[in-house]
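J.: Below: sequence and its predicted model.
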Amino acid sequence: MIRWTIVRARLPDLRLRMDADKLILMANRIGEFFEAWPERAEALEGVATHLRKFWDPRMRRELLALLEAGQADALTPLVREAVTTHRESLRPSG
């Protein structure tokens, strides 16, 4: 009984971490596509545009929160720079 209580108490944190890992994985996959672009500025814009157009505002909000909290170490340099550079345009309104 005690073990279940401990496990149950930790489940929300585990679920959030898995969601965070999935967001980072998906962002990095987008970055892999744009990594091949010859112009870095276009690649950065491409990543940001994709996130803006195709990611739900909640997903973008969570990715920005992870980055700002220092919990997005697994982001590739291209994705990290794209999100940092285009932070304001990626931030959902409201």
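T.: That came through fine.
J.: Any regions of the chain where pLDDT drops low?
T.: 1-18, 94 (pLDDT under 70).
J.: which residues of it fall in helices?
T.: 2-35, 40-54, 57-68, 77-85, 87-90 (DSSP state H).
J.: Report the buried residues of stretch 34-42.
T.: Of all the residues in stretch 34-42, those buried under the rule 16 or more other C-beta atoms under 10 Å are F34, E35. All C-beta atoms are positioned from the backbone trio N, CA, C, and that covers glycine.
J.: what residues does that stretch touch?
T.: The contact list for stretch 34-42 (C-beta atoms under 8 Å, 6 or more residues apart in numbering) reads A43, L44, G46, V47, H50, T76, L78, A82.
J.: Give the ChimeraX command for selecting the buried subset of these.
T.: The ChimeraX selection below is limited to those of those classed as buried (16+ other C-beta under 10 Å):
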select :43,44,46,47,50,76,78,82
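J.: Centre-most residue in the protein?
T.: Geometric centre of the chain, nearest residue: L63, 3.4 Å, by C-alpha atoms, centre = their mean.
J.: Name the nearest residue to it, ignoring sequence neighbours.
T.: For L63, ignoring the flanking residues on the chain, the nearest one in space by C-beta to C-beta, 6 or more residues apart in numbering is L23 at 5.3 Å.
J.: before we move on, back to that, could the contacts of stretch 34-42 be laid out in JSON lines, adding distance to A27?
T.: As requested, those are exported to JSON lines (distance: C-beta to C-beta, whole Å):
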{"residue": "A43", "distance to A27": "13"}
{"residue": "L44", "distance to A27": "13"}
{"residue": "G46", "distance to A27": "13"}
{"residue": "V47", "distance to A27": "8"}
{"residue": "H50", "distance to A27": "9"}
{"residue": "T76", "distance to A27": "8"}
{"residue": "L78", "distance to A27": "10"}
{"residue": "A82", "distance to A27": "9"}
